[in-house]
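# When you get a sec, could you give me coordinates for this:
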Amino acid sequence: MYRWILHFLEPAPTSPFNPFYGQRDNRSARQQAISGLRLGGGLVAGLLIVGLASWCISALLANPHANGWPGHFGLWFMLCFAFVMMFLTVNRWVPFVPAFYLLTLARSLGVLTFGLVSSASTAADWASRRDLLGPFVFCLVVVALTWRFVGNIPAPTTFLDRFALTFFVLAQLNQMAITYHWPPWSLISGFSALLIAWCVYRWNQAGMTRKHLNDKSITSEALPEPKITPD
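Here you go, the predicted structure:
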């Protein structure tokens, strides 16, 4: 158990979208079909878990005092189950986070650019554009903070990344279940978790770079200088 906990605390390899992108896939048709079924099953299971968490959060917020403690216990139990499942499988679904917000970003950009062209001169339409500008910037920053998990060789998922991403998803679901008002504390808290994880990642990367440069300089200093023999 102790060794399992230590192994779990170590960074886990992040599953890329397509590990064979840019390479020749020599797997048989049966193996490719099985891989596709696993990917589809994982997507369906992930959507069910997110839907369960969203339903539990909405039910808890809508009826905070209804059904007594048995009903609340059941909702909290299912919400904790969803949290644990998302937490344990973050390295498998994290590439979908920047992909989802990238699609939302493209949609917001399309609305900002083309959606209101026909009546862009009215004050109400300009107000609508300003309302879309906030989600546009938010999606842009989220994509930037999670882009390291995209690609053929994505960054590994650390324990801090697991907590930050799971908390971010639950904070987003909580924000969707309540009436929007300023300041949106759920969005701010989820965004802060992503920002902290990103800052720690960049700090570790800078430390590794400095260590590599120091080791390289020490190795170069340890090499003997070439002797110059007179002619």
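
# how about Ala12, phi and psi?
With angles defined as degrees, to the nearest 10, Ala12 sits at phi -100, psi 140.

# An error on my part: the question was meant for Pro184.
phi -80, psi 90.

# what residues are up against it?
Gln175 (CB atoms under 8 Å, 6 or more residues apart in numbering). From N, CA and C alone the C-beta is placed, and that goes for glycine too.

# neighbours around Ser28, how many?
9 (other CB atoms under 10 Å).

# what's the spacing between it and Leu187?
Applying CB to CB, to the nearest Å, the value for Ser28 to Leu187 is 46 Å.

# and what of Ile57?
Ile57 is 14 Å from Leu187, by CB to CB.

# again, but for Ile34
For Ile34, the distance to Leu187 - CB to CB - is 39 Å.

# Of the two, which one has the most company?
Leu187 (19 against 12).

# So which residues of this protein form helices?
Counting by DSSP state H, the chain has helices at residues 2-9, 29-62, 68-88, 90-93, 96-110, 123-146, 159-177, 185-222.

# Distance to Asn152 added to those, as CSV?
Shown next, in CSV, are these (distance: least, CB to CB, whole Å):
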stretch, distance to Asn152
helix 2-9, 25
helix 29-62, 16
helix 68-88, 24
helix 90-93, 15
helix 96-110, 15
helix 123-146, 16
helix 159-177, 19
helix 185-222, 18
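
# In JSON lines, list the ones you listed along with distance to Pro16 and mean pLDDT.
Listed next are the helices of the chain as JSON lines, based on distance: least, CB to CB, whole Å; pLDDT from 0 to 100:
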{"stretch": "helix 2-9", "distance to Pro16": "21", "mean pLDDT": "68"}
{"stretch": "helix 29-62", "distance to Pro16": "12", "mean pLDDT": "83"}
{"stretch": "helix 68-88", "distance to Pro16": "19", "mean pLDDT": "83"}
{"stretch": "helix 90-93", "distance to Pro16": "10", "mean pLDDT": "89"}
{"stretch": "helix 96-110", "distance to Pro16": "12", "mean pLDDT": "84"}
{"stretch": "helix 123-146", "distance to Pro16": "14", "mean pLDDT": "74"}
{"stretch": "helix 159-177", "distance to Pro16": "15", "mean pLDDT": "91"}
{"stretch": "helix 185-222", "distance to Pro16": "17", "mean pLDDT": "82"}
